[in-house]
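A.B. asks: pasting the sequence and the predicted coordinates here, then a few questions.
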Amino acid sequence: MLISDFDLLIGSTAVTNDLIMVTENTSELSRIENIVVENWIARPKK
């Protein structure tokens, strides 16, 4: 499954600049190699 162009741009920018990616879209962005992802939104599971 492909990662969308914009998510790939944002994610690769985070990796290149050694940044932590804060997003709720962890499933897609976590597939980028060497990325550090944090989800600051704690939604209760249904």
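C.D. replies: Great, that's in hand.
A.B. asks: for the rest of this, base every contact and every neighbour count on C-alpha atoms.
C.D. replies: Noted.
A.B. asks: measure the closest residue to residue 38 other than its chain neighbours to residue 11 for me?
C.D. replies: In space, not counting the residues next to it along the chain, residue 38 is nearest to residue 22; the distance is 4.8 Å by CA to CA, 6 or more residues apart in numbering. Using CA to CA, to the nearest Å, one obtains 10 Å as the distance from residue 22 to residue 11.
A.B. asks: list the helices and strands the longest helix anywhere in the chain packs on?
C.D. replies: Longest among the helix segments of the chain by residue count, using DSSP state H, is helix 5-16. With contacts defined as 3 or more CA pairs under 8 Å, 6 or more residues apart in numbering; DSSP states H and E, the secondary structure elements packing on helix 5-16 are strand 20-22, helix 26-29.
A.B. asks: dump the residue contacts of the spatially most central residue of the chain.
C.D. replies: Central residue check for the chain by CA atoms, centre = their mean: the C-alpha nearest the mean position is that of residue 29, 3.2 Å away. Contact criterion CA atoms under 8 Å, 6 or more residues apart in numbering gives 3, 7-8, 11, 35, 37 as the residues in contact with residue 29.
A.B. asks: which among the residues you listed end up buried?
C.D. replies: Neighbour-count burial within these applies to 8, 11, 35, 37; the criterion is 16 or more other CA atoms under 10 Å.
A.B. asks: farthest-apart pair in the residues you listed, please.
C.D. replies: Looking at the buried ones among the contacts of residue 29 by CA to CA, the two members farthest from one another are 8 and 37, with 13.2 Å of separation.
A.B. asks: which stretches of the protein have low pLDDT?
C.D. replies: The chain contains no residues with pLDDT under 70.
A.B. asks: let's see it at 90
C.D. replies: When the per-residue scores of the chain are filtered using pLDDT under 90, the ranges that remain are 1, 25, 42-46.
A.B. asks: that's a strand at residue 33, yeah?
C.D. replies: No - counting by DSSP: H, G, I helix; E, B strand; the rest coil, residue 33 is not part of a strand but coil.
A.B. asks: separation between it and residue 15?
C.D. replies: 8 Å.
A.B. asks: the two: which is more packed in?
C.D. replies: Between residue 33 and residue 15, counted using other CA atoms under 10 Å, residue 15 has the larger neighbour count: 16 against 10.
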